[in-house]
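Q: sequence plus predicted model, see below.
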Amino acid sequence: MARPEFQVTDELRRRVAIAAGSGTMTHEEIAIGLGISRPTLEKHFELELAEGAYARRLEVIEAMHAAALKGNVTAAREYLARTPRASPTKPEDKPAKPEKVGKKEQADREARTAHEGTSWDGLLKRSSLQ
């Protein structure tokens, strides 16, 4: 007789997302905690292991922020102690892309300054090279 197919419930989805969101449990540990195999966990809870974990972490940060706004000094310190990982960049903050130059143009530019730093440097007139 075959084993019955694993049944996913909303409660299990919530538990997996919370465990994954803590960042302290491996997939193997979560599977053991639920009494299932790791392949079963990854097959049925792929979304919770990835996106659900971040959703749970966001909920905790939102709760911490709300507590800080209500005057909880510990929550305020903990919230402010966290350094943002990425900050949005303004379009003007991005470095300008270098000008694309073709092979012939690049060779021409290099030829104009090839004499610099050589014994020819003082012999050639600058005006004749331009």
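A: Looks like it arrived, so ask away. Numbering: from 1, shown residues only.
Q: after the longest helix along the chain comes which helix or strand?
A: In terms of residue count, the longest helix belonging to the chain (DSSP state H) is helix 53-69. Once helix 53-69 ends, the next helix or strand along the chain (criterion: DSSP states H and E) is helix 73-81.
Q: beyond that following helix, next helix or strand please.
A: Downstream of helix 73-81, the next assigned helix or strand under DSSP H and E is helix 103-112.
Q: my guess is G33 contacts V16. True?
A: No: counting by Cβ atoms under 8 Å, G33 does not reach V16; the two are 9.3 Å apart. Any C-beta I mention is one placed from the backbone N, CA and C, and that applies to glycine too.
Q: of the two, which one has the most company?
A: The neighbour comparison of G33 against V16 (other Cβ atoms under 10 Å) goes to V16, with 28 against 13.
Q: what sits against that one?
A: The contact partners of V16, taken as Cβ atoms under 8 Å, 6 or more residues apart in numbering, are I30, L34, L41, F45, E48, L49, G52.
Q: the same query, at a cut-off of 6 Å, please.
A: The contact partners of V16, by Cβ atoms under 6 Å, 6 or more residues apart in numbering, come to F45, E48.
Q: which helices and strands sit right next to the longest helix of the chain?
A: Applying 3 or more Cβ pairs under 6 Å, 6 or more residues apart in numbering; DSSP states H and E, one finds that helix 53-69 makes contact with helix 10-22, helix 73-81.
Q: deepest-packed of the ones you listed, please.
A: Among these, the stretch with the highest mean neighbour count (mean count of other Cβ atoms under 10 Å) is helix 10-22, at a mean of 18.
Q: run the angle between that helix and helix 53-69 for me.
A: 70 degrees (axes from the mean of the first three to the mean of the last three Cα atoms, to 10 degrees).
Q: what's the next secondary structure element after helix 10-22?
A: By DSSP H and E, the next helix or strand past helix 10-22 is helix 27-34.
Q: so what's the gap between that following helix and the chain middle?
A: 26 Å (Cα atoms, centre = their mean, to the nearest Å).
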